[in-house]
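Peer 1: would you be able to build a 3D model of this:
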Amino acid sequence: MVEAQGIKFRYGSDGPEMDFPDFSCAAGERMLLLGNSGTGKTTLLHLLCGLLRTETGNLHVAGCDLRAATDRELDVWRGSQLGIVFQRAHFVQSLTVEENLALPHQLTHGTVPGEVLARMGSMLDRLGIAHRAKARPHELSVGEQQRASIARALLHQPKVVFADEPTSALDDRNAEAFMDILDREAAEATLVVVTHDQRLKDRYSKCVTLEPSNA
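Peer 2: Have a look, this model is predicted:
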């Protein structure tokens, strides 16, 4: 479901070359991409999401050859096959929680099917924030915003979910609780967590460590 081989990248013609390790993650598996600042975590995440292009190697995610796909194909692929839990929520502040969750579907399809609305209600209920559906993002606590971010990332039932530093601002108890929720809600998807948080090191058996020399 996620496979990277021989991936290298550099910013500009004279930037240092980043050489990333090979790794793979099968359908339904969980994996940690672990590395401190300066190891290229953000660059690798952007490559995996098709936001940056590698010039070498092979990179396949959720059935897409990221080197061969056109920009339009990548846009459609991201909208249908990927879910991304961002480090910061990036909600549209003028919209309610449910309007924010529905927005990607409206932009992609022009409307939100009834089945998606039903799934949204069920997911918000499981996440314990159904009562906040009509609230604006700034009215939510940090924990509520994070749970809403999970709902937004998973509402369209993506095949692969990437989580970017999901626990960086949380204490031990809340970090564990958040990851438990993410694991539960993404049970049907492949989950890749990109983080520097050493507390997550032993959570998954599959862990790829990025070293400073890769940046």
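
Peer 1: how far does the lowest-mean-pLDDT helix or strand in the chain sit from the chain's center?
Peer 2: Using mean pLDDT, DSSP states H and E, the weakest-scoring helix or strand in the chain turns out to be helix 97-109, at a mean of 86. How far helix 97-109 lies from its chain's middle: 17 Å, per C-alpha atoms, centre = their mean, to the nearest Å.

Peer 1: mean confidence for the next helix or strand after that helix?
Peer 2: Per DSSP states H and E, helix 97-109 leads on to helix 114-126 as the next helix or strand towards the C-terminus. Average pLDDT, helix 114-126: 92.

Peer 1: who are the packing partners of whichever helix or strand comes after helix 114-126?
Peer 2: Per DSSP H and E, the first helix or strand lying C-terminal to helix 114-126 is helix 142-154. Here helix 142-154 touches strand 82-85, helix 97-109, helix 114-126, helix 172-185, going by 3 or more C-beta pairs under 8 Å, 6 or more residues apart in numbering; DSSP states H and E. Placement of C-beta: from N, CA and C, glycine included.

Peer 1: hmm, try it at 6 Å
Peer 2: On a contact count with 3 or more C-beta pairs under 6 Å, 6 or more residues apart in numbering; DSSP states H and E, helix 142-154 meets strand 82-85, helix 97-109, helix 172-185.

Peer 1: and the gap between the nearest residue in space to Gly35 that is not next to it in sequence and Leu33?
Peer 2: Of all residues not flanking Gly35 in the chain, Leu210 sits nearest, at 3.1 Å (C-beta to C-beta, 6 or more residues apart in numbering). Using C-beta to C-beta, to the nearest Å, we find Leu210 at a distance of 7 Å from Leu33.

Peer 1: cool, Cys207 as well?
Peer 2: 8 Å.

Peer 1: compare neighbour counts for those two and give me the winner.
Peer 2: Leu33 (27 against 16; other C-beta atoms under 10 Å).

Peer 1: residue contacts, that one?
Peer 2: Val194, Val208 (C-beta atoms under 6 Å, 6 or more residues apart in numbering).
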